[in-house]
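Asker: structure, please.
(chains A and B, ligands or ions: 6)
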Amino acid sequence: MAKHETPLLDQLESGPWPSFVSDMKQEAESRAKNANNINYQIPVDVVEDLLGVLELSYKDGETHWKHGGIVGVFGYGGGVIGRYCDQPEKFPGVAHFHTLRVNQPSGKFYTTEYLKQLCDLWEMRGSGITNMHGSTGDIIFLGTTTKQLEEIFFELTHNLNQDLGGSGSNLRTPADCIGAARCEYACYDTQDLCNHLTQEYQDELHRPAFPYKFKFKFDGCPNCCVASIARADMSFIGTWKDDIRIDQEAVKAYVAGELKPNAGAHAGRDWGKFDIQKEVIDLCPTKCMWYENGKLEIDNKECTRCMHCINVMPRALRPGKQTGCSILVGAKAPILDGAQMGSLLVPFVEVNKDNDYQEIKDVIEAIWDWWMEEGKNRERLGELMKRQGFQKLLEVTGIDPVPQHVQEPRHNPYIFWKEEEVEGGWERDINEFRKHHLR
Amino acid sequence: MAFISSGYDPENPMKDRITDIGPRNYEEFYPPVIKNNKGKWLYHEVLQPGVLVHVSETGDEVYTVRVGGARLMSISLVREICEIADKHCGGYVRWTTRNNVEFMVDSKDKVQPLIDDLQGRKFAGGSYKFPVGGTGAGITNIIHTQGWIHCHTPATDASGPVKSVMDEVFEDFQNMRLPAHLRISLACCLNMCGAVHCSDIAILGYHRKPPMVDHEYLDKMCEIPLAIASCPTAAIKPKKVEVGGKTVNSVEVNQSRCMFCGNCYTMCPCLPLADKEGDGIVLMVGGKVSNRISAPKFSKVAVAFIPNEPPRWPKTAETIKKIVETYAADANKYERLGEWAERIGWERFFEKTGLEFTHHLIDDFRDPAYYTWRQTSQFKF
Ligand code: HEM
Ligand code: HEM
Ligand code: SF4
Ligand code: SF4
Ligand code: SF4
Ligand code: SF4
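Answerer: Numbering: from 1, shown residues only, chains lettered A, B, ... in the order given. Ligands and ions are numbered 1, 2, ... in the order given. Coordinates of the predicted model:
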């Protein structure tokens, strides 16, 4: 017998898509039954009360979570999000309902052994409800009480060799695409770079010292499966400098209809016979390819590496061998000044494991120095870039301006020359001037 | 409920303390076939919706079965995922960026039993637990934020609208009939934890009433200068008010300047703006993040407001369905929704989808607005 009636939520149990309501009910039942005799450290009926408060929100059309509340584990400024219910009397089980962010392993591969350990921990000391995963990438443990925070942290670090992620004005938990682990397009090892920088910058991850949040995301190629270009202050997007590798036999096989275009991704409809001219060559944004005498030719110097031809014919075309990544900076969601897309800062950098990615760290640290010095409270990097200008960014990172930095040159001639750039400087003598120019 | 200590001693918090060890190393979690072939993959193919094969230069193959999941998951469900992975996949499993779960096996004969097992499991309420799909030119899982389940600023719920919309477009999760893949995302307020601003279709929770001011508590709970500085439109200024015969420091909101972003509430809990009638959904369309063919694009507002209609958000789901169907019928192969809209022109987009164009769709926010007005006489009637 459920503790609270949930007539509205119950309607979300039908339909084919997995129902979070059914899942929560299942968890509520499992806790009530307690078949494994767990010594629950937070109220047994926490999930029932969570369903209850959500039902109330469905009735009221408004959230019932209170604003903020500062809780955390000792010495960390991030990783825990305090949360209290504004109807604690009705729903005592969720009166205190804090969230922990558990730093996910790069690539989000897991052994079941590890997952089960997490489940055991979260069953005993938390609500048993998770997000797999939050939008930033962490595993999210959804809901526990203040007293359990240190206990959970202790068990995570001592028994699971596992740390919390970031929240607050600090480096947020970095996230990556599957990359070289299972994607033939990957131009560098996203997992290794993501993990390396996560480890390197633990202090920045856990102790807020920044003006606001800062995100790294790693995409192995310009397809951008983790959307780094739109949502990371620094996006690392795999790319290459030399020629697309072509297997002409495979090209012929595509033309002959033996291989399915786009790896079979369009199988749900009859789009007619594959037409290399129409589907690849004419759609190439730079018109740098042609098909002649049964051979596909690419003028690679003109290619902008958009990935289209490779996506369409993955068995015939591959990125080149001289690979690395582009670094784009300043992407963010709309708050405060409108949405911003990442802007290209480093067109190409080798992704070099052998010197612990030093070239990349040099760029990161130069940017942080600037942003921590100049950034206002709650100003994202992209906003600082707008306020002080891209030229300032080049100056602080010591990067030379190149045409790749712009879509097109500036529209207005309001050019800010610096005094040292103008012959003779700005100081002049008005009396000298007046000798030749009457008042 | 007797308290059990893990070994942590509150009197001595530094004793044996371990910090800053970071996440577990990804290498520990690679299935053997991944570990052996990392960086050596030659090509992949989508064998059927939800099923991928990747072939390595070593000759090894890995078959992946991708299933959708609500991102909110109980540990019972995670344990069930583990049970399946133990049975079929040697104890390995992975999640994707869009909250799908991927089960991998190293030979073809293990695929069908895995699919049968996954598709066969249902919740007591009737929905699938692990529907297979989400690949190629179709609709994959909706990434989303917390909503009413856990956040203090939402203008709509997250899990409920996502469930409702995924039910509506479920066939396109298990099919690949669209011109290109189509990504839907949801953020329950303008903070956009889910960064929906570059999605083919974005569902965005939005408030439409300026904040109320809790004068009695404001000065006690908030830093007034911070609250004032937080407002992007400078709509907040300091004010002294009378409460119960006493003069207190508080603020005043210039309501006609407010764009309901909620930033002030984030800085100061005494400025709440949630409201049953005021809150609802903005639908945005045509964004993308991939660099394929055209550059990444922001999503554009296509519907300025749809009321919250819990529990099933019918108007939202139906409008999305309409956009998807029009796109499916009209776009060229490989054309993303935003590329299609740009090719036919936005005047045609509204005509074909039957969505109403209103003054709310004309930008009036600072500089970016200017770049969205039409600056040519090239338009369509
Ligand atoms: C074998 C591995 C994968 C391959 C070969 C692959 C390939 C692609 C391709 C070809 C695109 C299309 C770009 C376009 O047409 O505009 C794409 C986009 C995308 N992929 Fe993947 N992908 C892989 C794995 C994943 C995974 C595991 C995820 C996470 C669930 C993912 C998420 C995305 C997203 C979100 C986009 C959309 C980017 C946008 O909105 O424009 N991909 N991927
Ligand atoms: C204005 C200040 C903001 C506040 C107070 C705030 C608050 C929060 C809170 C409380 C959460 C945790 C939700 C939960 O797990 O219960 C969260 C998550 C998150 N926020 Fe924000 N947020 C703010 C701005 C932003 C902005 C501007 C962005 C994006 C540009 C953003 C991105 C995220 C992301 C990616 C997450 C993770 C969401 C998830 O776990 O699914 N936040 N934020
Ligand atoms: S971003 Fe590129 S390398 Fe990474 S998973 Fe997507 S297609 Fe593969
Ligand atoms: S990657 Fe893009 S730009 Fe380069 S040849 Fe292929 S289609 Fe053309
Ligand atoms: S998008 Fe807004 S309401 Fe939703 S979880 Fe993020 S901060 Fe909360
Ligand atoms: S909701 Fe936004 S625009 Fe309105 S007063 Fe608050 S900060 Fe200003």
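
Asker: could you use CA atoms for every contact and neighbour count after this?
Answerer: OK.

Asker: count the residues that sit near residue A:34.
Answerer: 13 (other Cα atoms under 10 Å in any protein chain shown).

Asker: do a quick rundown of the strands in the stretch 1-150 of chain B.
Answerer: B:41-48, B:51-56, B:61-67, B:72-74, B:92-95, B:101-105 (DSSP state E, counting those that start in this stretch).

Asker: ok, the stretch 1-150 of chain A next?
Answerer: So, for the stretch 1-150 of chain A - with DSSP E, counting those that start in this stretch - the strands run A:80-81, A:98-102, A:109-111, A:129-132, A:139-144.

Asker: give me the most central residue, chain B.
Answerer: Nearest to the mean C-alpha position of chain B, counting by Cα atoms, centre = their mean, stands residue B:144 at 2.8 Å.

Asker: distance of it from residue A:414?
Answerer: Noted for residue B:144: a distance of 43 Å to residue A:414, by Cα to Cα, to the nearest Å.

Asker: which residues in stretch B:25-37 does the neighbour count mark as buried?
Answerer: For stretch B:25-37, a neighbour-count test (16 or more other Cα atoms under 10 Å in any protein chain shown) marks B:25-27, B:29-31, B:33-34, B:37 as buried.

Asker: residues in contact with that stretch?
Answerer: With Cα atoms under 8 Å, 6 or more residues apart in numbering or on different chains as the test, stretch B:25-37 has contacts from A:105-111, A:181-182, A:191, A:195, B:56, B:58, B:60-62, B:90, B:92, B:106.

Asker: who touches residue 185 in this structure?
Answerer: By default, I'm working from chain A. Residue A:185 neighbours (Cα under 8 Å, 6+ apart): A:179, A:220-221, A:318-319.

Asker: meant chain B actually
Answerer: B:142-144, B:194, B:196, B:199, B:201-203.

Asker: surely residue B:230 and residue B:261 touch.
Answerer: No - under the criterion of Cα atoms under 8 Å, residue B:230 makes no contact with residue B:261, lying 10.3 Å away.

Asker: who has more neighbours out of the two?
Answerer: Neighbours were counted for residue B:230 and for residue B:261 using other Cα under 10 Å; residue B:261 has more, 25 against 22.

Asker: which of the contacts of residue A:185 fall in strands?
Answerer: Of the contacts of residue A:185, the ones assigned to strands by DSSP state E are residue A:318.

Asker: top of the contacts of residue A:185 by neighbour count?
Answerer: That'd be residue A:221 among the contacts of residue A:185, by other Cα under 10 Å, with 31 neighbours.

Asker: returning to that earlier point: now the strands of the stretch 1-150 of chain B in a markdown table, with mean pLDDT, mean neighbour count and distance to residue B:215?
Answerer: Formatted as a markdown table, those follow (pLDDT from 0 to 100; neighbours: other Cα atoms under 10 Å in any protein chain shown; distance: least, Cα to Cα, whole Å):
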| stretch | mean pLDDT | mean neighbour count | distance to residue B:215 |
| --- | --- | --- | --- |
| strand B:41-48 | 96 | 21 | 60 |
| strand B:51-56 | 98 | 22 | 58 |
| strand B:61-67 | 98 | 24 | 50 |
| strand B:72-74 | 98 | 25 | 37 |
| strand B:92-95 | 98 | 24 | 46 |
| strand B:101-105 | 98 | 25 | 48 |
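
Asker: export the ones you listed as a markdown table, with columns for distance to residue A:349.
Answerer: Formatted as a markdown table, those follow (distance: least, Cα to Cα, whole Å):
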| stretch | distance to residue A:349 |
| --- | --- |
| strand B:41-48 | 23 |
| strand B:51-56 | 27 |
| strand B:61-67 | 31 |
| strand B:72-74 | 38 |
| strand B:92-95 | 29 |
| strand B:101-105 | 32 |
